[in-house]
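Asks: requesting a structural model of the entry that follows:
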Amino acid sequence: MSKIDLNQLNDIQYEEIGNIGAGNATTALSKMLNQKMDMSVPKVELVPFNEISDIMGDEDQTVVGIMLGFEGDVYGMMMFLFDTKSAHHLVMMQDTESGIEADTQFNDMEMSALNEIGNIVSGSYLTAISKLTNLKMVSTVPEMTIDMIGALLSVPASEFGKYGDKL
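Replies: Here you go, the predicted model:
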């Protein structure tokens, strides 16, 4: 199987790759939590830097972000973001409607669990893309941060802004 040239892909091909990656990531999360997960069809597109936080939500909203880089045939970053309420639900395995505030702090064990969840989900997504495209992609150690969306998205924007104006 020959390698795919990512510069030659159209929007439908990007969406297909994203859908397969997201499906594998959802399956990994479902198995890890031993719970059925539903996934909506992901929307994959190249977006100008200045529109990213508008798509992701209010740039002042606090989220949990797990970022990992990858290298090999393709160089890039992958960031897994989720709101703090969902993060609490994942690590506490209880209904977040029952009084847990979104801004409640995470303890060390919860932080470690979130980082590992992000690592497994992101790694599953990346592995699926690598197999589909036949491109070698080796991930770096993930880094987790809790911050505002705008602050977290400034990292890939500054890193890849020298190559183009879209993420």
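Asks: tell me the spacing between residue 72 and residue 135.
Replies: Distance, residue 72 to residue 135, using C-beta to C-beta, to the nearest Å: 7 Å. For the C-beta atoms, the positions are set from N, CA and C on the backbone; glycine is no exception.
Asks: which other residues reach the helix or strand bottoming out on mean pLDDT in the chain?
Replies: Least confident helix or strand, the chain: helix 52-56 with a mean of 71, by mean pLDDT, DSSP states H and E. For helix 52-56, the external contacting residues (C-beta atoms under 8 Å, 6 or more residues apart in numbering) are 47, 59, 81, 149, 150, 153, 157, 167.
Asks: about what we covered before: with neighbour numbers in mind, choose between residue 72 and residue 135.
Replies: Taking other C-beta atoms under 10 Å, residue 72 and residue 135 do not tie; residue 135 has more neighbours (16 against 12).
Asks: can you give the contact residues for the lengthiest strand in the chain?
Replies: Longest among the strand segments of the chain by residue count, using DSSP state E, is strand 62-72. By C-beta under 8 Å, 6+ apart, the surrounding residues in contact with strand 62-72 are 57, 75-84, 87, 102-103, 114-115, 117-119, 122-123, 126, 135-149, 152, 155-156.
Asks: so which elements touch the next helix or strand after it?
Replies: Beyond strand 62-72 on the C-terminal side, the first helix or strand identified by DSSP states H and E is strand 76-83. For strand 76-83, the packing partners by 3 or more C-beta pairs under 8 Å, 6 or more residues apart in numbering; DSSP states H and E come out as strand 62-72, helix 108-133, helix 149-160.
Asks: out of these, which gets nearest to residue 25?
Replies: helix 108-133 (4.2 Å; C-beta to C-beta).
Asks: any idea how far that closest one is from the middle of the chain?
Replies: 8 Å (C-alpha atoms, centre = their mean, to the nearest Å).
Asks: can you verify residue 145 is assigned to a strand?
Replies: Yes: counting by DSSP: H, G, I helix; E, B strand; the rest coil, residue 145 is part of a strand.
Asks: who does the residue nearest to it when sequence neighbours are not counted form a beta bridge with?
Replies: Excluding the flanking residues, the one nearest residue 145 by C-beta to C-beta, 6 or more residues apart in numbering is residue 65, at 5.2 Å. In this entry, residue 65 is beta-bridged to residue 81, residue 145, by DSSP bridges.
Asks: the longest strand of the chain to strand 76-83, inter-axis angle?
Replies: 160 degrees (axes from the mean of the first three to the mean of the last three C-alpha atoms, to 10 degrees).
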